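Q: With the input below, show me the fold.
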Amino acid sequence: MRLDAVITAAVAIASSLLLLSLYMRASMAYVGAWECYRRALVIAADAARSVSMDTPPSPPDGWRIEVFYANKTLTYGEAFRVRCWAYTITSEDGEVVLIKVEGG
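A: Numbers count the residues shown, from 1 in each chain. Below you'll find the model as predicted:
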């Protein structure tokens, strides 16, 4: 067997393993981001229900909810780090209210 054929095969195998490793990392990052975004949407929907029932929203630990009224902004909770966020719109007493959820 020729040496250049062995080197070419070794480079091809190493390249394949590197690409497979990068693909696995990218897919894991995508799954993590999707789960974070899905969780943010659930928290935003819960916050919208709370605001529409005129009760303050209570975010889980590590999440922050900002409620934007026409004349004020109220913040609930604290986001230790922000990996994802979601918005939703609701109304309270006929006033449109924007809700931003961030955390992860």
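
Q: only C-alpha atoms for contact and neighbour calcs from this point on.
A: Noted.

Q: Point out where the protein drops to low pLDDT.
A: Residues of the chain meeting the criterion pLDDT under 70: 1.

Q: Which stretches in it count as strands?
A: With DSSP state E as the criterion, the chain has strands at 63-68, 73-77, 84-92, 95-103.

Q: would you turn those strands into JSON lines with distance to V6 and mean neighbour count?
A: Shown next, in JSON lines, are the strands of the chain (distance: least, C-alpha to C-alpha, whole Å; neighbours: other C-alpha atoms under 10 Å):
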{"stretch": "strand 63-68", "distance to V6": "54", "mean neighbour count": "22"}
{"stretch": "strand 73-77", "distance to V6": "60", "mean neighbour count": "14"}
{"stretch": "strand 84-92", "distance to V6": "47", "mean neighbour count": "17"}
{"stretch": "strand 95-103", "distance to V6": "50", "mean neighbour count": "21"}
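
Q: And the helices in the protein?
A: Secondary structure of the chain (DSSP state H): helices at 3-52.

Q: Out of the strands of the chain, which gets nearest to M24?
A: strand 84-92 (21.0 Å; C-alpha to C-alpha).

Q: what separates T73 from A45, distance-wise?
A: Note on T73: its distance to A45, by C-alpha to C-alpha, to the nearest Å, is 18 Å.

Q: thinking again about what came up before, with respect to A9, which of the strands of the chain lies nearest?
A: strand 84-92 (42.4 Å).

Q: Give me the helices and strands touching that closest one, please.
A: helix 3-52, strand 95-103 (3 or more C-alpha pairs under 8 Å, 6 or more residues apart in numbering; DSSP states H and E).

Q: just the ones you listed: most buried one?
A: Among these, ranked by average contacts under mean count of other C-alpha atoms under 10 Å, first place goes to strand 95-103 (a mean of 21).

Q: tell me what that strand is packed against?
A: helix 3-52, strand 63-68, strand 84-92.
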